[in-house]
Each structure stands twice: as C-alpha cells, then as structure tokens.
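*Asks:* quick one: sequence and predicted model below, then my questions.
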Amino acid sequence: MLVTGGTRGIGAGIARGFLRAGARVLVCGRTEPAELPCAAGRTALFARADIRDPGQAAGIVRHARDLFGRLDVVVSNAGGSPYAAAATASPRFHAKVIELNLVAPLHIAQAANAAMQAVIHDKGGGGSIILVGSVSGTRPSPGTAAYGAAKAGLHHLVTSLAIEWGPAVRINCVVPGFVATEAIAEQYGDPPTVAAVAATVPLRRMATPDDVAQACLFLASPGAAYVSGTCLTVHGGGEPPAFLSTGIGSV
C-alpha cells in the first residue's frame, strides 16, 4: 500500500496502523525523515515525491505497484495549510493550497485507479482508495478558507469517483477533527490551550493518529466491502453548536 505524506503526523500514524495489520507500506514525501514509521517489527519504505507535480504523483503510484507487485490500498493524506487571512492572502497562495489539498489528491487517485483497474482480470481484485479530508471542509474555516474549501471539494470528489470507478475500485474519505500529533504545539498552542480545545469535544479528548488509522483500516478492509463514495467522520462527536454557550438548550 501507499500513504502520501506518510512520514509524520496523521500519515505516519496511518502507516503504522497498516504495518501492524501486516501490510507492506510505502510512504512518500518531499524530504526523507530521520526515522521512518515502524510497528510490529516492520518498517515502512520511503520514496521522495512532490505529489503536486502530476508526473511525480503518477510515478510514486507506479513505484508502489512495481515494488509490491500490485497495489491494493492507497491513502492520500498529504495536505495542510498555514494560517492566512483570506482578504490579504495572495492569489498564488490560494492556488497552491488548493493544488495541494484538492488537485494533488485527484492526481494520486487517478493514478491509483489506473493501477488497480489493471489487475482485475489477471490477478483479481481492484482496490481501495482513501482520501484524508478535514472537518474544516464541513464547517467555517476562518484563517484557512482556501484549505477548507479544498477539503470540501475532496469530500464531494469521492461521491463522483465512486460511481465512475466502481465496482472494482472503492473510494472513500476519512474526515478527522482535532488530532494530537507531534506538532500539536505548533497547531494548537501551549498545553492549557490544547486542553481547552480538547474540552470542547464531546469525548473530551483530541483524536490520535491511531484513531484515524483505525478508520482507514476499516475502509480498506472486507468489512467495508459495500462502502464506497462516503465520508467517515472521526471527530469525537463534533463541535457543540455555539448557541449552547448562551445557556439556551442543553447537551
């Protein structure tokens, strides 16, 4: 299997989850990490790729297929955006954010579908493609407006591709909420701020990368054989509506 952006954060957690399940895993990124994801005595393989480049996106999928002999699962995880006010961000900034978070996953999915469809007749199968979305695509995303819009597009994308690429290839989206990664301070601030954010979640904690990995493992498994074109939200119950803070109603 292939995990884009699988060298750190959520992507590394997904890679470790599949390693524990016995999969052979290739991760890719623009820079090779000091340590590769490992679990259960197994270590992921690494290849350098910038998936914003359509040629490199197709090339990393071909490399994974050639490396393993076939490609059953692809998780398109690479993405992200720094904070930028929409009123002052440059057109180039907006274009690059949408390119990374929507266009690049489409390139990866297109190449993965071609590789998976190609093995149907001679080796049996097809495969599972999983895109990693965000709750930023389901609710307002001030400060990361282009990112939220791109993720919303990603959520919609799976509904169309599931129709075009079925029955051999299933494609779904995992939609994480707040996730505690090694970059938690950079993302959310100091420990009191992290605790305050976690307290807003009904389950009273942030997700871990392993929580997201478990959702991906389900979507890739035979247990999800009839699941395609859907978004699986992993957000601990979501964010309570703002009107509750006024004292109207109760949770």
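*Replies:* It's in.

*Asks:* residue 39 versus the closest residue to residue 85 other than its chain neighbours, what's the distance?
*Replies:* Closest residue to residue 85 apart from its sequence neighbours, by CB to CB, 6 or more residues apart in numbering: residue 143 at 6.7 Å. Quick note: C-beta positions are derived from backbone N, CA and C, even for glycine. Using CB to CB, to the nearest Å, one gets 34 Å for the distance from residue 143 to residue 39.

*Asks:* for those two, indicate the residue with more neighbours.
*Replies:* Set side by side, residue 143 and residue 39 give different neighbour counts by other CB atoms under 10 Å, the larger being at residue 39 (19 against 15).

*Asks:* which SS class is the residue nearest to residue 85?
*Replies:* Under DSSP: H, G, I helix; E, B strand; the rest coil, residue 143 falls in the coil class.

*Asks:* got a list of what it touches?
*Replies:* For residue 143, the residues meeting the contact criterion (CB atoms under 8 Å, 6 or more residues apart in numbering) are 83-85.

*Asks:* same check on residue 67?
*Replies:* For residue 67, the set of contacting residues under the criterion of CB under 8 Å, 6+ apart consists of 24, 26, 45.

*Asks:* residue 92: which of those residues is nearest?
*Replies:* For the contacts of residue 67, the closest approach to residue 92 (CB to CB) belongs to residue 26, at 31.0 Å.

*Asks:* the closest one contacts residue 48, correct?
*Replies:* No - the criterion here is CB atoms under 8 Å, and residue 26 misses it with residue 48 at 11.5 Å.

*Asks:* sorry, back to before: and the contacts of residue 67, which of them are buried?
*Replies:* With neighbours counted by 16 or more other CB atoms under 10 Å, the contacts of residue 67 contain buried members at 26, 45.

*Asks:* could I get the contacts of residue 67 as JSON lines with secondary structure?
*Replies:* Formatted as JSON lines, the entries for those read as follows, by three-state DSSP:
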{"residue": "24", "secondary structure": "coil"}
{"residue": "26", "secondary structure": "strand"}
{"residue": "45", "secondary structure": "strand"}
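
*Asks:* want to throw the contacts of residue 67 into a markdown table with pLDDT?
*Replies:* Written out in a markdown table, the entries for the contacts of residue 67 read as follows (pLDDT from 0 to 100):
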| residue | pLDDT |
| --- | --- |
| 24 | 97 |
| 26 | 98 |
| 45 | 98 |
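
*Asks:* contacting residues for residue 200?
*Replies:* By CB under 8 Å, 6+ apart, the residues touching residue 200 are 239-240.

*Asks:* where's it relative to residue 234, distance?
*Replies:* Residue 200 sits at a distance of 16 Å from residue 234 (criterion: CB to CB).

*Asks:* same check, this time on residue 9
*Replies:* Residue 9 sits 14 Å away from residue 234 when distances are taken as CB to CB.

*Asks:* over to residue 37?
*Replies:* 19 Å.

*Asks:* which of these two has more neighbours?
*Replies:* Under the neighbour definition other CB under 10 Å, residue 37 and residue 234 were set side by side, and residue 37 has more, 25 against 19.
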